[in-house]
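Engineer: take this sequence and fold it.
(chains A and B)
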Amino acid sequence: MNAHSEMKVAAEVAAPASLGIVMNCQLEKVFYGDFLAVRNSVVPIEKNKITGFIGPSGCGKSTVLRSLNRMNDLIPIFRFEGKVTYHGQDIYDKKVDPVVVRRYIGMVFQQPNPFAMSIYDNVAFGLRLNGFKGDMDERVEKALHGAAIWNEVKDKLKNSGLSLSGGQQQRLCIARAIATEPDVLLMDEPCSALDPIATRRVEELMIELKEKYTIALVTHNMQQAMRVADTTAFFGVDISQGSRTGYLVEMGPTKKIFEEPEQQLTREYVRGEFS
Amino acid sequence: MSVSGPTVESNMRDLIAASRPAPNLHRSPLELRALKSGILTALTWIGALLASVPLFSVIYELVVAGGSRLNWETLTALPPSAFETGGGFGNAIVGTLVMVGIATLISVPLGILAAVQLAILDPDSKLTHTVRFLAKVLTGFPSILAGVFVYAVMVVTMKTYSALAGGVALAVLMLPTVVLAAEQAMSMVPKKMKDAAYGIGCTRTQVILKVVLPTGAPGILTGVMLAVAGAAGNSAPLLFTALFSNYYMSSLTEPTASLAILIFNFSGMPYDNQIELAWAASLVLVLIVLVFNVLARLVGRQKY
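Structural biologist: Here you go, the predicted model:
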């Protein structure tokens, strides 16, 4: 398979929207130890849009997402080759502090993961971390409103964040992530642990959130990508070298990816012919 | 064979199914499985009761034999001499509290630091595995050897028995318990919680201080309390380090009384007064440990 030409396709498709690109991931190679996990993928993330990452298991979509705020640095054997530019700066530059990167590029995880603290303290956590001196109550309320959970928790802000239901916990985590008003929100399968009703609420929330934030979303659920993503990146797995290496097959407007993709592989995948 | 429509064969099958009696779902108590279950349940109950017999009989004996002498005088007065009546062990209570305090001040910070290293900073290196193994070995370390060791290191060089040396000897015994309990508590903090903290822009230090330690605090406290309880009742390490004194301590560098040694001394004496005081001191020792445990539960219980 010719990875180079596919890379070009991806870059061309994304080109027209280049005016509002917040982040551009120009990934060459990602290794875990000696294992080449992802190669040659250019993934631009547009401002105030939801960029969905889809693809079969092991295609590296989560790895790519976690490369965008250097979460993968926590894995000692992880190695990134390439560039991720954010407002013109390469976040993998030696001078860049990954801790600071993560304050601008927030993350919502697959499993809801509130801290063992009160609901209020969960949301205030990031603000306190950044030495926020203003009206804390107001900012906490604003974040909880933003995450569409205020009405459910306003009378029990002192209760444990862990006492909420799974869907509420996930929205609390979103509130925690947006409390510090990051630029970009990375969401790694945020609904995979939720039931359909909670999933729908979080999806509605994502669509509201893109007014203010830029979102990159990994999802296993193609219907979810169709419902919420403006742009969709489809990743595939290359097993031709005897290993399993993920790469970007095609990226473009969601409608186009699902209805008239350019690549045969994409067509087969979105039709559910393999997974 | 045709797929649809009743055949002779399927009619037969239906008939057989209809003629089968409804299954009996009632419990049958005399069945072998039920009997076995009953006998084994009874055995576990008996085992549990037997295991608690020593504990309750000790507490019963302590309350009966020591309770009568428990009053303000015994809690504050100095130990009596041979044929004296009355007296108490106030100095030994103070000595025990001070020495356990010193041991806690040494072993808890050190132990938590070590646990951070073992559980978080470097959980899988050779050094960590070695330290973890040594800590486990040290939990079974004969307490009298801790006393002899500190005797050689501190008592000989300082040329005096002291509360300081006693505290250090107890700290040697507390340290591995604290390390292992704190490590356990910290490694039980879910990875997803740490990820959340990193994801929000915490440095590693902040993750440890703001998430791992607070979340693991109840477990750490339980470990500390276990260690304190063990140290408070230990007499062997104090024999060579703090020795004993018949007076209230006035400095940390003089021989110091402790409840454990007082019990050891008085229980072997041929005088009723001293033997009664030994019982009362035992009861006080148990109560001190109990109070600390209850306090730790109250302070350290999981709030969220």
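
Engineer: identify the residues contacting A:Gly33.
Structural biologist: A:Gly33 makes contact with A:Ile77, according to CB atoms under 8 Å, 6 or more residues apart in numbering or on different chains. In short, each C-beta sits where N, CA and C put it, glycine included.

Engineer: quick one: the strands in chain A?
Structural biologist: A:21-32, A:35-46, A:50-54, A:78-86, A:89-90, A:105-108, A:184-188, A:214-218, A:231-238, A:245-253 (DSSP state E).

Engineer: quick one: closest of those to B:Asp195.
Structural biologist: Between B:Asp195 and the strands of chain A, the shortest separation by CB to CB is 8.2 Å, and it involves strand A:105-108.

Engineer: give the other helices and strands that that closest one contacts.
Structural biologist: Judged by 3 or more CB pairs under 8 Å, 6 or more residues apart in numbering or on different chains; DSSP states H and E, the packing partners of strand A:105-108 are helix A:166-179, strand A:184-188.

Engineer: could the strands of chain A go into a markdown table alongside distance to A:Arg200?
Structural biologist: Putting those into a markdown table (distance: least, CB to CB, whole Å) gives the following:
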| stretch | distance to A:Arg200 |
| --- | --- |
| strand A:21-32 | 27 |
| strand A:35-46 | 24 |
| strand A:50-54 | 15 |
| strand A:78-86 | 31 |
| strand A:89-90 | 37 |
| strand A:105-108 | 16 |
| strand A:184-188 | 15 |
| strand A:214-218 | 15 |
| strand A:231-238 | 19 |
| strand A:245-253 | 23 |
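
Engineer: in contact with the closest residue to A:Thr219 other than its chain neighbours, which residues?
Structural biologist: Ranked by CB to CB, 6 or more residues apart in numbering or on different chains and with sequence neighbours excluded, the top spatial neighbour of A:Thr219 is A:Ala225, at 5.3 Å. A:Ala225 sits next to A:Gly52, A:Ile54, A:Leu217, A:Thr219, A:Thr232, A:Thr254, A:Phe258 when contact means CB under 8 Å, 6+ apart.

Engineer: wait, what's in contact with the third one?
Structural biologist: By CB under 8 Å, 6+ apart, the residues touching A:Leu217 are A:Ile50, A:Thr51, A:Gly52, A:Phe53, A:Met187, A:Pro190, A:Met206, A:Ala225, A:Val228, A:Ala229.

Engineer: buried subset of these?
Structural biologist: Buried members of those, counted by 16 or more other CB atoms under 10 Å in any protein chain shown: A:Ile50, A:Thr51, A:Gly52, A:Phe53, A:Met187, A:Pro190, A:Met206, A:Ala225, A:Val228, A:Ala229.

Engineer: okay, the first one: pLDDT?
Structural biologist: For A:Ile50, the model assigns a pLDDT of 94.

Engineer: for it, which non-adjacent residue is closest in space?
Structural biologist: That would be A:Ile215: by CB to CB, 6+ apart, it lies 4.5 Å from A:Ile50.

Engineer: need the contact list for the one you found.
Structural biologist: A:Ile215 touches A:Lys49, A:Ile50, A:Thr51, A:Val184, A:Leu185, A:Leu186, A:Met187, A:Met206, A:Leu209, counting by CB under 8 Å, 6+ apart.

Engineer: the residue of chain A most remote from its centre and A:Tyr120: what is the separation?
Structural biologist: Within chain A, the residue lying farthest from the chain centre (CA atoms, centre = their mean) is A:Asp155, at 31.0 Å. According to CB to CB, to the nearest Å, A:Asp155 stands 12 Å off from A:Tyr120.

Engineer: A:Ala143 now?
Structural biologist: 10 Å.

Engineer: ditto for B:Val224
Structural biologist: Counting by CB to CB, the gap from B:Val224 to A:Tyr120 is 29 Å.

Engineer: okay, the two: which has more neighbours?
Structural biologist: Applying other CB atoms under 10 Å in any protein chain shown to B:Val224 and A:Tyr120 shows that B:Val224 carries more neighbours, namely 23 against 19.

Engineer: you'd agree the more buried one is up against B:Thr104?
Structural biologist: Yes. Between B:Val224 and B:Thr104 there is a contact at 7.1 Å, judged by CB atoms under 8 Å.

Engineer: who in the stretch 151-300 of chain B is up against chain A?
Structural biologist: Residues of the stretch 151-300 of chain B lying close to chain A (CB under 8 Å from any CB of the partner chain) are B:190, B:192-193, B:195-203, B:206, B:210-211, B:214-215.
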